[in-house]
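Chemist: mind looking at a prediction? Sequence and model below.
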Amino acid sequence: MSLHRHVLAVLFTCAPVVFSQSFEASFSGGESYVNTKSANLGTYSPDPTSGTYTLHDGFRIALRMTLNQGRFFGHEFGYAYNHTSLDVPAAALNNGGISLPGTIPAVTNIGLPGHQGFYDFLAYAIPEGKRFRPFACGGVQFTAFHPEGSYGSETKYGINYGGGFKIKLMENWGLRFDLRQYNMSKPFNLPNASGRLLLYEFGVGVSFMM
């Protein structure tokens, strides 16, 4: 069974529990931010001067399903689409025969979409029923990177943590603000890669509450 089928199976298994409690469905948009250290994914060859693959910031769209269990806790399942971009060094382009030597740019930037599934445990600072509810969260995720122009993808697994707050505007509608850090190993197993990939989410969303 594929990874995506596993995720769907978990969601359907949890459905009876979800709808027996306070339920939220949210749509968010915002920025995927990569700090300078995380942006270096490695080099073209073991030679450190052969050219660096550099990841850049992008935008993010997220869908979340939240079960608020009790007065102070919740469980959240979600899917996000991250669209970042990647600088590909000239050495990699030369090797692929894309352009003649001497006319190739120092780097070429390509899109690097990422499909992400995640779970988070939520702990609220203010009990359910209040209009303003700050929360902290932590959980696990997978991210499937799919470089544009490629037929393959690579999936990395990791943890995430952060927080935010929710504001109830009307009986069934509200706003949410999220700040998360998604921590995973760097994709593509490139030479001279070091450290972890830290992808940050800055998001604003609309929630439907039951």
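Modeler: Arrived safely, thanks for sending.

Chemist: centroid-nearest residue for this structure?
Modeler: Nearest to the mean C-alpha position of the chain, by C-alpha atoms, centre = their mean, lies residue 116 at 5.3 Å.

Chemist: ok, that residue touching residue 84?
Modeler: No. Using C-beta atoms under 8 Å as the test, residue 116 is too far from residue 84 to be in contact (11.5 Å). The C-beta positions use only the backbone N, C-alpha and C, and glycine is treated the same way.

Chemist: hang on, the earlier thing: centre of the chain to the strand or helix carrying the residue nearest to the centre of the chain, how far?
Modeler: Assigned by DSSP states H and E, residue 116 belongs to strand 107-124. Averaged C-alpha coordinates place strand 107-124 at 2 Å from its chain's average position (C-alpha atoms, centre = their mean, to the nearest Å).

Chemist: now stretch 127-139
Modeler: That offset, for stretch 127-139, works out to 21 Å (C-alpha atoms, centre = their mean).

Chemist: what ranges does the chain have for its helices?
Modeler: Along the chain, the stretches classed as helices by DSSP state H are 3-18, 36-39, 90-96.

Chemist: confidence-wise, which of those helices is weakest overall?
Modeler: For the helices of the chain, mean pLDDT drops lowest on helix 3-18, to a mean of 47.

Chemist: for the strand holding residue 116, buried residues please.
Modeler: Of the residues in strand 107-124, 107, 112-120, 122, 124 count as buried by neighbour count, 16 or more other C-beta atoms under 10 Å.

Chemist: I'd like to know which elements that strand is packed against.
Modeler: helix 3-18, strand 52-69, strand 73-89, helix 90-96, strand 132-145 (3 or more C-beta pairs under 8 Å, 6 or more residues apart in numbering; DSSP states H and E).

Chemist: for this protein, give me the ranges with low pLDDT.
Modeler: 1-21, 94-106 (pLDDT under 70).

Chemist: one more time with 90, if that's ok
Modeler: For the chain, residues meeting the criterion pLDDT under 90 lie at 1-22, 37, 69-70, 90-107, 129, 148-153, 171, 210.

Chemist: mean neighbour count added to the helices and strands packed on strand 107-124, as JSON lines?
Modeler: Formatted as JSON lines, the helices and strands packed on strand 107-124 follow (neighbours: other C-beta atoms under 10 Å):
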{"stretch": "helix 3-18", "mean neighbour count": "12"}
{"stretch": "strand 52-69", "mean neighbour count": "19"}
{"stretch": "strand 73-89", "mean neighbour count": "19"}
{"stretch": "helix 90-96", "mean neighbour count": "15"}
{"stretch": "strand 132-145", "mean neighbour count": "18"}
